[in-house]
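Participant: got a predicted model here, sequence first, then my questions.
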Amino acid sequence: MPKPFLSIENLTQVYPDGQGGQMTVFENATFGVEKGEFVVILGHSGCGKSTIMNILAGLADPTSGVVKMNGYEVSGPSLDRGVVFQNYSLLPWLSTLKNVTFGVSARHPDWSRQQVIDHSKTFLALVGLEGDVVYRKPSQLSGGMRQRVSIARAFANHPELLLLDEPFGALDALTRGTIQDELLKIWSGTEQTVFMITHDIDEAILLADRILLMTNGPYARVAESVEITIPRPRVRSQIVEHPNYYAIRNHLVHFLAERSKELAGQNDDRSNAPQTIRIDTTQPSGTGDPDTPRNLRAVNT
Ligand SMILES: Nc1ncnc2c1ncn2[C@@H]1O[C@H](COP(=O)(O)OP(=O)(O)OP(=O)(O)O)[C@@H](O)[C@H]1O
């Protein structure tokens, strides 16, 4: 079988437990992400999501296992992998525009100054930042605006893989919704692959092609890969009306509330690959998992 664009193979992370011993956060995590996919990872605090993200970004090395992108092992940070963190990580001494041009000129050393500026301004405009505001320093922006700069910066570099670690965590619901829409708009116009951490189930369903569910740590694992069987384009105000919405949502809530604990520490699947869950109430009933409501098709492969 051909390898996916991004391949996470038997990733294990062990940390010192602070008392002279060791703690295995997750063990043999194995999954793939296809090119252009939007994958979200959900799991309780401490199961190791940020650790996985840092390893994918090349900012940390796992205790064992490998990550391959396009067949090559990831080691160290690269412009091919853009990262957006919750705390924006903008350079405070540079203007909004320069925070974006900085990476664009590194990515395109052959471009003229004007090309770099025009390209950067295009991406800032896509997240609603236009006019004088682009000459302000990050300290002169609101939290939501800073987060937009950080998203514009990441997308403007056209990384093949975009890693988003709770990028909207610090935002109010209204701003969060607007930026989710903007993210979807930009992503749908590119070939970029997105891997995102969030704690927000509704956000995950709105954005993702697939949601990876992690069991609780220590010895956490990626137990399920839930397909989001809701067609795109998705509109935030209408998505709840899709017949699959609550079926998928209930499955996710049930996993996080109950099964993430029950499955913790268990590892009965030697391949360690997550189980694929497909919930589609628009298909004829008859197959599926007894936990899911009637008239719900859940195909586990
Ligand atoms: N550098 C480190 N040294 C020791 N332990 C660490 C280190 N970094 C993380 N941990 C531990 O590893 C576990 C996983 O942490 P991680 O931040 O990856 O979890 P998370 O799933 O992203 O959590 P949250 O949802 O709260 O952000 C936690 O128990 C944390 O205390």
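Facilitator: Received it, and whenever you're ready, just let me know what you need.
Participant: which residue packs closest to the residue in the stretch 201-301 of the chain positioned nearest to the ligand, ignoring adjacent ones?
Facilitator: Residue of the stretch 201-301 of the chain nearest the ligand, by Cβ to the nearest ligand atom: Gly217 (6.1 Å). Heads up, the C-betas are built off the backbone N, CA and C, glycines and all. Closest residue to Gly217 apart from its sequence neighbours, by Cβ to Cβ, 6 or more residues apart in numbering: Cys47 at 4.5 Å.
Participant: next structured bit after the lengthiest helix in the chain?
Facilitator: Secondary structure assigned by DSSP state H gives helix 173-188 as the longest helix of the chain. Downstream of helix 173-188, the next assigned helix or strand under DSSP states H and E is strand 193-197.
Participant: between that next one and helix 173-188, how many degrees?
Facilitator: Interaxial angle of strand 193-197 relative to helix 173-188 (axes from the mean of the first three to the mean of the last three Cα atoms, to 10 degrees): 150 degrees.
Participant: partner strands of strand 193-197, parallel or antiparallel?
Facilitator: The strands beside strand 193-197 in its sheet (DSSP bridges) come out as strand 38-42 (parallel), strand 161-165 (parallel).
Participant: give me every residue that touches the closest residue to Ile228 other than its chain neighbours.
Facilitator: Nearest residue to Ile228 in three dimensions, chain neighbours excluded: Ala208, at 5.2 Å (Cβ to Cβ, 6+ apart). By Cβ atoms under 8 Å, 6 or more residues apart in numbering, the contact list for Ala208 reads 38-40, 196, 228.
Participant: sort out which residues of the strand or helix carrying Gly65 are buried, please.
Facilitator: Using DSSP H and E, Gly65 maps to strand 64-69. Residues of strand 64-69 classed as buried: 65, 67-69 (neighbour count, 16 or more other Cβ atoms under 10 Å).
Participant: in JSON lines: those, plus pLDDT and distance to Ile179.
Facilitator: Shown next, in JSON lines, are those (pLDDT from 0 to 100; distance: Cβ to Cβ, whole Å):
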{"residue": "Gly65", "pLDDT": "95", "distance to Ile179": "33"}
{"residue": "Val67", "pLDDT": "96", "distance to Ile179": "27"}
{"residue": "Lys68", "pLDDT": "96", "distance to Ile179": "31"}
{"residue": "Met69", "pLDDT": "95", "distance to Ile179": "26"}
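Participant: just the residues you listed now: which is nearest Ser7?
Facilitator: Ranked by distance to Ser7 (Cβ to Cβ), the buried residues of strand 64-69 are led by Lys68 at 4.5 Å.
Participant: that closest one touches Asn10, doesn't it?
Facilitator: No - using Cβ atoms under 8 Å, Lys68 is not in contact with Asn10; the gap is 11.6 Å.
Participant: domains for this protein, by residue range?
Facilitator: Domain assignment for the chain by automatic domain parsing gives 6-77+160-169+192-300, 81-158.
Participant: by contact count, what packs against whichever strand or helix holds Phe155?
Facilitator: Here Phe155, judged by DSSP H and E, is contained in helix 143-156. When contacts are defined as 3 or more Cβ pairs under 8 Å, 6 or more residues apart in numbering; DSSP states H and E, helix 143-156 sits against strand 81-85, helix 96-107, helix 113-126, strand 161-165, helix 173-188.
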